[in-house]
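have a look at this prediction, sequence included:
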Amino acid sequence: MDFGLSPEQEMLRDTVGRCLSEICPLDHVRSCLNAGSAVSDQVTAALHDIGLTGLMVPEAHGGLGMTLLDAAVAAEQLGRAVAPAPFLARSVLAPLALMLAGSEAQQDEWLPRIASGEVRFGVAIGGMVEERDGAKVKAGDGWLTGTALFALDLAGADHFIVADDSGRLHLLAATATGVERIALQTIDATRSVGELRLTGAPAQPLADDGGLAARRLRDAGRVLLAADSLGAGEAMIEKSVAYAGEREQFGRVIGSFQAVKHMCAEMAARHEPCRALVWYAAHAFDAVPEEAALVACHAKSLTGEVHRFVARTATEVHGGMGFTDLLGLPFWFKRIGFDRQALGGPERVRFEAAQLQGLTATT
């Protein structure tokens, strides 16, 4: 039995990777961040051209009709390139929300426009995981009030999918009366994140399914953050191995020193098992939904811990150079840090995994 990627998924991986290597070199990432932008129009347009905007949209609505495993393959390449482009919310979570909880009329109205790039969505479901200062979103009869925390893909979004305090999803226009958009500065400048402060903002409710769709979005988001971290970690390992083969001390390349060999080997040994877990978590979301929440927690927590180790160790291999912007390691370091904490850090998701398995009481 073949447990690897399909030929089509390998082709997708290679296409996205080749595209990003051409239009998103590290110098381009650096120039975007120096200009204060978390979004590259050049990269966003290129990803649209190869079909990632409509990756999850069904073919009947003009998209590619692919699965979360396909999206995870693409996310890994985006993390590898530290691409400053919206993907998680705009291309994956927003269409998923409409597919899971949208009415037929809502799907007909919005999914083709997502696939074509006519509308750009952000997603605010962070309040399902953690709260701050009692921030919650309350829903009334066609309106929302409160603060939606950690809206993903904030910059450039003209609509948002927002979860209220009961877990029900709502469709909100960014320009609606009573909507204030506040950009937040996080450790990762390649991601656009913010808050939505809502005061009686008009919104379209999606299906009242007891929060099931919102929980599915959370699980999908965790898997894709794990996949992104996988790509970022792989890039840091490769850069460490290359640097160790070039940098000389005492007349020898540092890669010949046993201590450096062990550091590189341990990074690879911890990193590689994460790949199968992330792939299985994405597969479970698509094909084994009864396992999806648990394995999403496992994938998120493991990659969060492993790639924090990889980020630190790769920096140590580079010595003092690793802390500078010259080689670019801080971009991946910070990307991994964001992936670790967004939609729940390792401690939080392990606690949820324990609840799902009946190992601790549900609060």
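Noted; the coordinates are in hand.

alpha carbons only for contacts and neighbour counts from here, please
Fine.

excluding chain neighbours, what is closest to Ala226?
Excluding its sequence neighbours, the residue lying closest to Ala226 (C-alpha to C-alpha, 6 or more residues apart in numbering) is Lys300, at 5.2 Å.

geometric centre of the protein: which residue is closest?
Residue closest to the average C-alpha location in the chain (C-alpha atoms, centre = their mean): Leu225, at 3.7 Å.

what sits against that one?
Under the criterion of C-alpha atoms under 8 Å, 6 or more residues apart in numbering, the neighbours of Leu225 are 75, 300, 339-340, 342.

check which helix or strand it maps to.
helix 212-244 (DSSP states H and E).

what about that helix, average pLDDT?
Mean per-residue pLDDT for helix 212-244: 96.

stretch 276-296 too?
Average pLDDT, stretch 276-296: 95.

if you count neighbours, what's buried in it?
Buried residues in stretch 276-296, counting neighbours by 16 or more other C-alpha atoms under 10 Å, are found at 277-285, 292-296.

with stretch 250-263 instead?
Buried positions in stretch 250-263, judged by neighbour count with 16+ other C-alpha under 10 Å: 254-255, 260, 263.

what does stretch 117-124 give?
117, 119-124.

still on that earlier bit, and the strand or helix carrying the residue nearest to Ala226, what does it pack onto?
Element membership of Lys300 [criterion: DSSP H and E] is helix 289-317. Where contact means 3 or more C-alpha pairs under 8 Å, 6 or more residues apart in numbering; DSSP states H and E, helix 289-317 is packed against helix 212-244, helix 258-287, helix 329-341, helix 346-356.

tell me which stretches of the stretch 51-200 of the chain form helices.
Read by DSSP state H, counting those that start in this stretch, the stretch 51-200 of the chain holds these helices, from start to end of the chain: 68-80, 94-101, 104-116.

out of those helices, which comes closest to Gln249?
Closest approach to Gln249 among the helices of the stretch 51-200 of the chain is made by helix 68-80 (29.0 Å; C-alpha to C-alpha).

and the angle for that closest one with helix 329-341?
What separates the directions of helix 68-80 and helix 329-341 is an angle of 140 degrees, with axes from the mean of the first three to the mean of the last three C-alpha atoms, to 10 degrees.

then helix 68-80 to PDB, C-alphas only?
The C-alpha trace of helix 68-80 is given here as PDB (Å, rounded to 0.1, in the frame of the first residue of the first chain):
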ATOM      1  CA  LEU A  68      -7.200  19.600   2.500                       C
ATOM      2  CA  LEU A  69      -4.200  17.300   1.800                       C
ATOM      3  CA  ASP A  70      -3.600  19.200  -1.400                       C
ATOM      4  CA  ALA A  71      -3.800  22.500   0.500                       C
ATOM      5  CA  ALA A  72      -1.300  21.200   3.100                       C
ATOM      6  CA  VAL A  73       1.100  20.300   0.200                       C
ATOM      7  CA  ALA A  74       0.800  23.900  -1.000                       C
ATOM      8  CA  ALA A  75       1.100  25.300   2.500                       C
ATOM      9  CA  GLU A  76       4.400  23.500   3.100                       C
ATOM     10  CA  GLN A  77       5.900  25.200   0.100                       C
ATOM     11  CA  LEU A  78       4.600  28.600   1.200                       C
ATOM     12  CA  GLY A  79       6.300  28.100   4.600                       C
ATOM     13  CA  ARG A  80       9.500  27.000   2.900                       C
END
